[in-house]
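> take a look and give me a structure for this.
(one chain, ligands or ions: 1)
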Amino acid sequence: MSSASPLLTSPSPMGSFFRAQASPADDRQEHLLAVGDIEAGGDDPQNKFRIRDLTKKSDAGVTILSGVNLDIPKGVVVGIIGPSGSGKSTLLRSMNRLWEPPSGTVFLDGRDIRDLDVLSLRRKVGMLFQIPALFEGTVADNIRFGPQLRGQKLPDHEVHKLLALADLDSSFHKKNGELSVGQAQRVALARTLANEPEVLLLDEPTSALDPISTQNIEDVIVKLKKNQGMTIVMVSHSIKQIQRIADVVCLLVNGEAVEVLKPDELSQAKHPMAQRFLQLSS
Ligand SMILES: Nc1ncnc2c1ncn2[C@@H]1O[C@H](COP(=O)(O)OP(=O)(O)OP(=O)(O)O)[C@@H](O)[C@H]1O
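Next comes the predicted model:
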């Protein structure tokens, strides 16, 4: 299958395989999507991540992830949506080894992430959670944390640059307790960015925030996408947010990646549970 194949919905004999295909860098909105077989996904060097047959059941035998196959090219923003308990966080956590899947493989830049040093992996693949957890000390201390672990002192001007990106210019000396949850989340994001990640995994980063703080975080994500071409995978319960930020949307249902669509084509979802979820969400 050519890499420019249109969206197909028939699963391959080896299970559903989804590929979020990058557009030319100057026009990311015009990306194409394709669904095909695993061989067609191949070893495309454009793929930042290749996820193959990720499967997990709970101790009680309940399916958490069921043969998830997903390709994520460099510079693409993938939104992950789906009902509660469909495995979104588990999928995200399996991409930086916060969770080790018993079956299946995640490749980063062509390498099985189990073969990578876990600290370097998590430096490359930064993650942000629903609730920001800052360390004691000042905002600047938090932002310097990652580089400090590697024996480097991030100079003041670099800290200021990250604070400016997160719209926190005047917060350099502020202490953890002096910040709102929204500001704390932006500090957490700036702290992650201080590690110069190549990928950001965002697990419902705005679900605990008010609408203004939510928009602030979304603005930073949009800047990272536009200015740095960062690869971003974001779990969200907000369709509106996903439509604003993502290039492609992956729908998870009962641990299965059932559809990958453009954000403005969600109404074309064919899987019955995906349709129902989208109807109730909009
Ligand atoms: N370590 C674990 N052991 C057993 N079950 C687990 C474990 N981790 C997650 N689960 C179960 O796996 C399912 C998927 O969880 P997950 O948090 O990935 O879903 P989710 O789609 O992110 O949900 P939500 O939208 O509510 O955050 C849930 O039923 C959860 O209870």
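> apart from its neighbours in sequence, what residue is nearest Asn96?
Val125 (4.2 Å; C-beta to C-beta, 6 or more residues apart in numbering). C-beta: built from backbone N, CA, C; applies to glycine.
> list the contacts for the one you found?
The contact partners of Val125, by C-beta atoms under 8 Å, 6 or more residues apart in numbering, come to Met95, Asn96, Leu108, Pro197, Glu198, Val199, Leu200, Leu201.
> can you rerun that using 10 Å?
Contact partners of Val125, counting by C-beta atoms under 10 Å, 6 or more residues apart in numbering, are 48-49, 92, 95-98, 106, 108, 113, 116, 192, 195, 197-201, 231, 233.
> pull the contacting residues for Val233.
By C-beta under 10 Å, 6+ apart, the contact set of Val233 is 20, 48-49, 70, 72, 76-80, 88, 91-92, 95, 125, 127, 199-203, 246, 250.
> just to be sure, it is in a strand?
Yes. The assignment for Val233 by DSSP: H, G, I helix; E, B strand; the rest coil puts it in a strand.
> ok, it to the ligand distance?
Per C-beta to the nearest ligand atom, to the nearest Å, Val233 is found 13 Å from the ligand.
> that residue bridge partners, please.
Counting by DSSP bridges, Val233 is bridged to Val78, Leu201.
> shouldn't Val222 be in contact with Asp247?
No. When contacts are counted by C-beta atoms under 10 Å, Val222 is not listed as touching Asp247 (11.6 Å).
> mutual contacts of these two, please.
Val77, Ile232.
> between the two, who's got more neighbours?
Neighbour tally, Val222 and Asp247, criterion other C-beta atoms under 10 Å: the higher count belongs to Asp247, 23 against 14.
> Asp117 versus the more buried one, what's the distance?
Separation of Asp247 from Asp117 (C-beta to C-beta, to the nearest Å) stands at 30 Å.
> swap in Gln130?
Distance, Gln130 to Asp117, by C-beta to C-beta: 27 Å.
> okay, these two: which has more neighbours?
Gln130 (15 against 8).
> once you drop chain neighbours, what's closest to the more buried one?
Per C-beta to C-beta, 6+ apart, closest to Gln130 is Glu204, 4.5 Å.
> how near is that neighbour to Ala184?
15 Å.
> same question for Asp53.
As judged by C-beta to C-beta, Asp53 and Ala184 stand 37 Å apart.
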